[in-house]
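Trainee: Predicted model and sequence below, questions to follow.
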Amino acid sequence: MLTLKSLQAGYGRVPVLKGISLHVRAGEVVTLIGGNGAGKTTTLRAISGLLPPRKGTVEFDGQDLTRMPAERIVTLGLALVPEGRRVFTSLSVTANLELGAYHRRDKGEVRRDLEAMRQRFPILKERAHQAAGTLSGGEQQILAIGRALMARPRLLMLDEPSMGLAPRMVTQVYEILAELKAAGTTILLVEQNARAALKVADRGYVLETGRIILDGTAAELREDPEVQRAYLGKGYKEVWE
Amino acid sequence: MTAYVLHLAIIAGIYIILTVSINLIIGYAGQVSLGHAAFYGIGAYASALVSLNWHFPFAAAALAAMLVAGVCGLALGLPTLRLKEDYLAIVTLGFGVIVDLIFLNLGITGGPDGLPGIPPPSFFGLSFRQPWLYLVLVIVTVILVLIATYRLVDSYHGRALRAIRDHEITAQVMGINTPAYKVFIFTLAAALAGLAGSLYAHYITFINPETFGLHTSILILTMVVLGGMGSILGSVLGAVILTILPELLREVHAYQDLVYGGLLVVLLIWRPEGILGRGKLSLKFLKKEG
């Protein structure tokens, strides 16, 4: 579905991505893990059209996204849940959700989706008219995911959804991701929290200082000693159960 | 005494339109405009010139004012709205100064002496020279502008605008064509300021460059900040308060600019959301956004 080929991107004179290639197949959950500054957010920015790549290509279902403006890309079926949630703070929860469906023309279906979203995430119904800025971090994350889902995306991209959340909220968010996976949503998950990400993903790539240094199935990565040492912690055990 | 109150009311009405227009740019689209009085002036001069030279009736002159001001807003907005805030601020400031200089130096605008003898409006043969009649005209216009603004703000597009204000990049990712929206709002705001200019010109029946300079741009800015950016009712309040204030400060006329500048600084430090901006007092307004 999504293919990146030798993608290079950076900010001004600073090169961040030094030629990465990855792919996501329909129905898969693929995770991109790496530490701070590895280039994970830059990758998502390059895909979403927020950052024009220097070299390389981004292809989605046969279409070349490489230099497409951001506002067109969402109409092709990609939705992004940005780093730090980035809900529209002064708008109500409902308005945020409605904005997720901004580019959709089928207004009747949008209304139905909105109702379905509120059933699925009762917290959104509870706080429907509250300004999004007044929600807690975890609630905002759920709102951001809901907002992205309102676009009925074919590919859902999440940028560090666990960042800054209490462990209980992280579990909740990842349960949602697991449900989306079970429903067949294709997901590209960028995370620093490798443990959580590798539990829900099918496959993964490890990004370090702008290059992909490792890739494989989630199981393979979990067993890999390098990954264990660098990203999963020594003496890694399943602590989430 | 009543004549004086009528005068204040008319001026307040004109400033309400101006404040609401700049609120669209600053409070709703989240952009900057430090030379907004330029559009006020462009509208005033355009309206004056078409009535003086081509005998346009008031309605047509006002429309012409909106058109010309709007086009100028478009011309300024298109190349500059891609700039980051700081640069946009400087550009709009510079634009205000340039337009001021143009008014001062062009023969057709009468230079520093301005344009006298602008005909007051007349509808159905009735001349609106009388202040109370003019006030009716102003009130009707203000109401129309407020209704239109409320409807814009509450709409699908209004939501997109506020999303741009809150987080421009995320708005782009949702499919919102942010540059197009910014230019649209800038143009609309310029047109509204032009309308205010027309109302001013045909009321005072004399205009000169002094009214449309930096001083006025700052005044409008103070009004919108005081009332609360992003609140239409706030703009009305800010305009009214700051129209009355100079009258109360008439004794210390020389210090007016000091007061306005000081007020602006104090507000931005201690209560940037103004009276009715997004703060404790504004909860009622937020509920509307549901």
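Mentor: Okay, I see it.

Trainee: Who are the contact partners of the single nearest residue of chain A relative to chain B?
Mentor: Shortest chain A-to-chain B distance, computed as CB to the nearest CB: residue-wise this is A:His103, at 3.4 Å. Where you see a C-beta, it was placed from the backbone N, CA and C, and this is true even at glycine. With contact set as CB atoms under 8 Å, 6 or more residues apart in numbering or on different chains, A:His103 has these partners: A:Glu71, A:Val74, A:Thr75, A:Ala151, B:Met174, B:Gly175.

Trainee: need the contact list for the nearest residue to it once chain neighbours are set aside.
Mentor: Once flanking residues are discounted, A:His103 sits nearest to B:Gly175: 3.4 Å by CB to CB, 6 or more residues apart in numbering or on different chains. When contacts are counted by CB under 8 Å, 6+ apart, B:Gly175 touches A:Glu71, A:Arg72, A:Val74, A:Thr75, A:Tyr102, A:His103, A:Ala151.

Trainee: do A:Gly138 as well
Mentor: Listed by CB under 8 Å, 6+ apart, the contact partners of A:Gly138 are A:Leu165, A:Ala166, A:Arg168, A:Met169, A:Gln172, A:Val173.

Trainee: In terms of helices and strands, where is the fourth one?
Mentor: Think A:Met169. Applying DSSP states H and E as the criterion places A:Met169 in helix A:167-182.

Trainee: Surely A:Tyr129 touches A:Asn96?
Mentor: To be clear, residue A:129 is His; Tyr isn't right here. No. The pair A:His129 and A:Asn96 does not pass the contact test of CB atoms under 8 Å, sitting 11.4 Å apart.

Trainee: Tell me which of those two has more neighbours.
Mentor: Remark: of A:His129 and A:Asn96, A:Asn96 carries more neighbours, 26 against 14, as counted by other CB atoms under 10 Å in any protein chain shown.

Trainee: Could you look up the SS state of that one?
Mentor: Secondary structure state of A:Asn96, per DSSP: H, G, I helix; E, B strand; the rest coil, is helix.

Trainee: Any figure for the gap between it and A:Leu143?
Mentor: When CB to CB, to the nearest Å is the yardstick, A:Asn96 and A:Leu143 sit 6 Å from each other.

Trainee: and what of B:Glu210?
Mentor: Applying CB to CB, one obtains 51 Å for the distance of B:Glu210 from A:Leu143.

Trainee: try B:Leu18
Mentor: B:Leu18 is 37 Å from A:Leu143, by CB to CB.

Trainee: more crowded one of these two?
Mentor: For B:Leu18 and A:Leu143, the more surrounded residue by other CB under 10 Å is B:Leu18, and the numbers stand at 30 against 25.

Trainee: Sheet partners, orientation included, of whichever strand or helix holds A:Pro15?
Mentor: Following DSSP H and E, the helix or strand that holds A:Pro15 is strand A:14-24. According to DSSP bridges, strand A:14-24 forms sheet pairs with strand A:2-11 (antiparallel).

Trainee: Now tell me what touches the strand it pairs with from outside.
Mentor: When contacts are taken as CB under 8 Å, 6+ apart, the neighbours of strand A:2-11 outside the stretch itself are A:15-24, A:42-43, A:45-47, A:51-61, A:78, A:155, A:188.

Trainee: I'd like the average pLDDT over it.
Mentor: What strand A:2-11 shows for mean pLDDT is 86.

Trainee: and what of stretch B:218-225?
Mentor: For stretch B:218-225, the mean pLDDT works out to 90.

Trainee: got the buried residues for stretch B:143-159?
Mentor: Neighbour counts using 16 or more other CB atoms under 10 Å in any protein chain shown place B:Val145, B:Leu146, B:Thr149, B:Leu152, B:Val153, B:Gly158, B:Arg159 of stretch B:143-159 among the buried residues.

Trainee: which among the residues you listed gets closest to chain A?
Mentor: Distances from chain A to those, taken as CB to the nearest CB, are shortest for B:Arg159 (5.4 Å).

Trainee: Is the nearest residue to B:Leu264 once chain neighbours are set aside in a helix, a strand, or coil?
Mentor: Residue nearest to B:Leu264 in three dimensions, not counting chain neighbours: B:Thr222, with 4.8 Å by CB to CB, 6+ apart. Each residue gets one of three states, and B:Thr222 gets helix by three-state DSSP.
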